[in-house]
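> fold the following.
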Amino acid sequence: MSLSLEDQLFIESMVDQHGLTKAWKRMLVARVVNTGESYSYILQNKLFRDIVPATQDVLAHMTIGEVSVAYEYALAYSDRAKRKVEGQYFTPDDVSQFLASHARTFPHNAIWADPCSGVGNLSYWLVKQQVDPERFLLSRIYLIDLDALALISARVLFTLAFQNKEDKLFNKLEDRFLERNFLTANDLPKFDAAILNPPYVSGVFSDTFATAATRNMYAYFLEKVATLASMGYISITPQTFTNGSRFSSLRKLLINQHRALDVYCFDNVPDNIFSGVKFGSGNTNKANSTRAGIIVAKCARAKKHRITPLLRWRSHERSQVFSSAPGFLTEVTFTEDVFPKISRDLKTLYKIVRRFDRVLGDIISQTPTAHALQVPTTPRYFISANKHPVQRTSFRTLYFDTPESFNSAYVLLNSSYMYWWWRVNDGGMTISEKTLLELPIPSLDPFAILRFVKELEASERCSKVVKLNAGKQIENIKHPQELVRSITAFLFPDYVTHLSATHANSNLGSARPETKVLFA
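A predicted model of the protein is given here:
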């Protein structure tokens, strides 16, 4: 989802001539004028006095999600530094529909809130799926945001989309679109459930929250929503809350507050939930690389905590990922330490390896030795551990006291087992030291693994790959699939097929077809 160059140039021209607020209001007025006479009363509102329509109805061909993109573009163009700091990015239409589809499993009489609504592309789909959208708007939802212009936009767009029997719906919706700081306001309306895409802003500390240690605004939003929404909520955030050590307080909150908790986890390659670009980003790579996590938290009598593995899909499979996602949910035990992102087929293996007596941290040396492995720390489709260093900046060096421990680690770290362990317990941009050193170590015959050691050593000499990153050549070792599979089969013969599949660029084929789908 992106803006055409023509739309970008028009928005830039409008902002240059009139400033952000007046330019955007002129575009809204153009949309109202071209929608029909029955909406002309909106233009009499004090919000639009003396606002003439833009010469082009640039919003006419856009979905609500695309309007959100256009608004983010206008914000970024008008104040690039501010958008970079705020970390607010749009939710695409298909993602918004997927979130809204889960509202059908909530009580039908729930009063909803969208506490950081923006122009309303989440709430829009929630309203649209109702039997009587107009009545739902008037009595069962609040849109809340700090951005007054975004709220005005949402109010206009919702009126144009859902006005039916009510005379002058726009005017009657004034007390449903509230300009508030959700985190600090004391005069919030009462609501039972929430749907939200909170700002992803790190480095923000507030000791008024139990999740203060996260230093992340999205955690504060989730905490406040959890305390106010008695029936639960639906949210989309980065999936860092599933494993990062800073987010243990948030995991504790989620476990204690919600007996029914479903977590969908999405990778960022080869396709990404947040399609499009990050307007206002100062990086040369403009793609939004956030690995997303969707939480569906509900009140329930029976405790059931479920999660998906880190899902991958190709761009042409995008619609399928949403229809298939519920089929990947697996019931697991959540702890303050981690929400393990496990597939149903490897759930038993996870239980087995967690009972191993040793972890990698038990066999490494705390001081340099002659036995060293270089482990590149930015994996995508594989992880390697190299005896001969490659040219790169992001890596960890592990030292070992004995040839036996050195060889064991060499084999284990180059297997699909290590890659799977990272995806279950981490899955971020890098391999954390905690995830690496907590890899459970099985008992290995030092003589049986020697043939794999020799094959890996030979492979290092001819399996070097190079990736260009920011103008620099970054080296790595990518061993042949056959070698990695044979090592994995030696380690865990009963699970080799499913462990090997974790490297694939799509895992949609393994969804369970009998699972009820909420979204299509």
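> gap between the two ends of stretch 442-461?
Taking C-alpha to C-alpha, to the nearest Å, stretch 442-461 runs 28 Å from one end to the other.
> what's the answer for stretch 191-202, then?
27 Å.
> what does stretch 294-303 give?
19 Å.
> hey, C-alpha coordinates of stretch 120-137 in CSV?
Below are the C-alpha coordinates for stretch 120-137, written out as CSV (Å, rounded to 0.1, in the frame of the first residue of the first chain):
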residue,chain,number,x,y,z
GLY,A,120,-9.7,5.5,12.1
ASN,A,121,-8.6,2.8,9.8
LEU,A,122,-8.9,0.2,12.6
SER,A,123,-12.2,1.4,13.8
TYR,A,124,-13.6,1.8,10.3
TRP,A,125,-13.5,-2.0,9.7
LEU,A,126,-15.0,-2.7,13.2
VAL,A,127,-17.9,-0.3,12.4
LYS,A,128,-18.3,-1.6,8.8
GLN,A,129,-18.9,-5.2,10.0
GLN,A,130,-21.8,-4.3,12.2
VAL,A,131,-25.4,-5.0,11.3
ASP,A,132,-26.2,-1.3,11.9
PRO,A,133,-23.0,0.6,11.5
GLU,A,134,-24.7,4.0,12.1
ARG,A,135,-26.2,2.9,15.4
PHE,A,136,-22.9,1.4,16.4
LEU,A,137,-21.2,4.7,15.8
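> how far does it sit from its chain's centre?
Offset of stretch 120-137 from its chain centre (C-alpha atoms, centre = their mean, to the nearest Å): 24 Å.
> check which helix or strand covers V127.
Using DSSP states H and E, V127 sits within helix 121-128.
> for that helix, name the packing helices and strands.
helix 64-78, helix 93-101, strand 112-114, helix 133-139, strand 141-145, helix 148-162, strand 193-196 (3 or more C-beta pairs under 8 Å, 6 or more residues apart in numbering; DSSP states H and E). Quick note: C-beta positions are derived from backbone N, CA and C, even for glycine.
> dump the second one to CSV, restricted to CA.
Spelled out, it's helix 93-101. In CSV, the C-alpha atoms belonging to helix 93-101 read as follows (Å, rounded to 0.1, in the frame of the first residue of the first chain):
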residue,chain,number,x,y,z
ASP,A,93,-6.7,-2.4,5.3
ASP,A,94,-6.2,-6.1,5.3
VAL,A,95,-4.5,-6.1,8.7
SER,A,96,-7.3,-3.8,10.1
GLN,A,97,-9.9,-6.2,8.7
PHE,A,98,-8.1,-9.2,10.4
LEU,A,99,-8.1,-7.4,13.7
ALA,A,100,-11.7,-6.3,13.4
SER,A,101,-12.8,-9.8,12.5
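> count the residues that sit near E460.
Using other C-beta atoms under 10 Å, E460 is surrounded by 17 other residues.
> again with the one 5 residues further on
Using other C-beta under 10 Å, the number of residues around V465 comes to 12.
> how about it: what's its closest non-neighbour residue?
K478 (4.7 Å; C-beta to C-beta, 6 or more residues apart in numbering).
> which ones are touching the one you found?
Residues near K478 by C-beta atoms under 8 Å, 6 or more residues apart in numbering: F382, S384, S463, V465.
> give me phi/psi at the last one?
V465 has phi and psi values of phi -120, psi 150 when expressed as degrees, to the nearest 10.
> isn't it up against I474?
No - counting by C-beta atoms under 8 Å, V465 sits too far from I474 to count as a contact (9.2 Å).
> whichever of the contacts of K478 end up buried, select them in PyMOL.
Buried residues within the contacts of K478, by 16 or more other C-beta atoms under 10 Å, are selected in PyMOL with:
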select buried, resi 382+384+463
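> where does F519 land on pLDDT?
Listed pLDDT for F519 reads 31.
> with N414 instead?
For N414, the predicted pLDDT is 98.
> hmm, it is touching H479, no?
Yes - if you go by C-beta under 8 Å, N414 and H479 touch, sitting 6.1 Å apart.
> overlap in contacts, those two.
Common neighbours of N414 and H479 (C-beta under 8 Å, 6+ apart) are S384, L456.
> before we move on, back to that, who touches the helix holding V127?
So helix 121-128 is contacted by 64-65, 67-68, 90-91, 93, 96-97, 99-100, 103, 112, 114, 117, 133, 136-137, 141, 143, 154, 157-158, 161-162, 195-197 (C-beta under 8 Å, 6+ apart).
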